[in-house]
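Visitor: Got a predicted structure here, sequence first:
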Amino acid sequence: MLPLPRPTVFVVDDDAAVQKAVSRLLRAAGIAVAAFASPREFLAQYDSDTPGCLVVDLVMPGFGGLQLQRHLDKKGSILPIIFLTGHGDIPKSVQAMKLGAIDFLTKPVNDQCLLRAVCIAIEKDRLARLDQSQVSELCSRLATLTPREREVLEQIVNGKLNKQIAAGLGITERTIKAHRARVMAKMKVDSVARLVCLAQRCGVTGSSS
């Protein structure tokens with residue numbers, strides 16, 4: 001597995017002074033920063049493969065931070081978000097937290113509070129990307145199964161015994177055992193419990209038959 005690029009904190013704020021102050025603080029802590037004056041400018045340049053987090057002003061002209069959060073959420077983004085606001089808008093902060101914001105900090109933000117939130121967000125992003133990578137690898141293994149092996153796997157996930165699977169598919173129990181062994185070899189597991197767990201992580205919920 002290739003190492004991930006260095007984490008970057010994306011700072012989005014229409015106030016140039018805030019951009020500069022936050023960027024200086026983060027760089028002094030050895031953290032890479034990319035600053036933008038608006039959500040649209042950020043979206044035009046953002047590469048979702050870049051790990052890190054987003055520090056964004058809640059209220060900006062037109063397209064604000066909450067709208068950016070909703071946009072990223074619809075796109076399936078896992079980028080953790082920290083909101084900054086000078087308005088102390090409680091209802092909007094509640095909306096932001098419900099959508100998964102890491103933190104909600106009031107301007108002028110305390111340096112240590114911001115650094116702590118950024119470290120938590122970067123670690124959350126690292127773990128989420130690691131999980132995504134693992135699921136992708138598991139699904140690649142799943143794709144190597146033949147249609148019959150996939151049927152057998154679905155029945156195993158349903159908790160069926162070899163005898164029950166054989167009866168349901170109209171083949172011998174010995175053949176089921178052979179399919180089962182190949183499924184476990186392709187999925188690189190040595191127990192049924194582990195096989196079921198990994199299959200479920202890939203969205204295999206079992207066959208209705």
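Guide: The structure has been received and is ready for your questions.
Visitor: contacts, neighbours, all on C-alpha from now
Guide: Will do.
Visitor: Could you identify the longest helix within this structure?
Guide: Identified as the longest helix of the chain according to DSSP state H is helix 111-142.
Visitor: following it, which helix or strand shows up next?
Guide: Next in sequence after helix 111-142, counting helices and strands by DSSP states H and E, comes helix 147-157.
Visitor: what does that following helix contact?
Guide: The contact list for helix 147-157 (Cα atoms under 8 Å, 6 or more residues apart in numbering) reads 165, 176, 179-180, 182-183, 192, 196, 199-200, 204-207.
Visitor: Walk me through the domains of this structure.
Guide: 8-135, 144-201 (automatic domain parsing).
Visitor: Tabulate the CA atom coordinates of the lowest-mean-pLDDT helix or strand in the chain in CSV.
Guide: Ranked by mean pLDDT, DSSP states H and E, the weakest helix or strand in the chain is helix 90-98, scoring a mean of 72. Below are the C-alpha coordinates for helix 90-98, written out as CSV (Å, rounded to 0.1, in the frame of the first residue of the first chain):
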residue,chain,number,x,y,z
ILE,A,90,-26.3,28.2,17.9
PRO,A,91,-28.9,26.7,15.5
LYS,A,92,-26.4,26.6,12.7
SER,A,93,-23.8,25.1,15.0
VAL,A,94,-26.2,22.4,15.9
GLN,A,95,-26.9,21.7,12.2
ALA,A,96,-23.1,21.5,11.5
MET,A,97,-22.5,19.1,14.4
LYS,A,98,-25.4,16.9,13.3
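Visitor: which helices and strands does the helix or strand following it pack with?
Guide: Counting by DSSP H and E, the element after helix 90-98 in chain order, helix or strand, is strand 103-106. On a contact count with 3 or more Cα pairs under 8 Å, 6 or more residues apart in numbering; DSSP states H and E, strand 103-106 meets strand 81-85, helix 90-98.
Visitor: Turn these into a markdown table, including mean neighbour count and distance to Lys74.
Guide: Formatted as a markdown table, those follow (neighbours: other Cα atoms under 10 Å; distance: least, Cα to Cα, whole Å):
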| stretch | mean neighbour count | distance to Lys74 |
| --- | --- | --- |
| strand 81-85 | 25 | 14 |
| helix 90-98 | 14 | 14 |
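Visitor: Reformat the ones you listed as a markdown table; add distance to Lys20.
Guide: Listed next are those as a markdown table, based on distance: least, Cα to Cα, whole Å:
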| stretch | distance to Lys20 |
| --- | --- |
| strand 81-85 | 14 |
| helix 90-98 | 24 |
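Visitor: Of all the ones you listed, which one comes closest to Met60?
Guide: strand 81-85 (9.8 Å; Cα to Cα).
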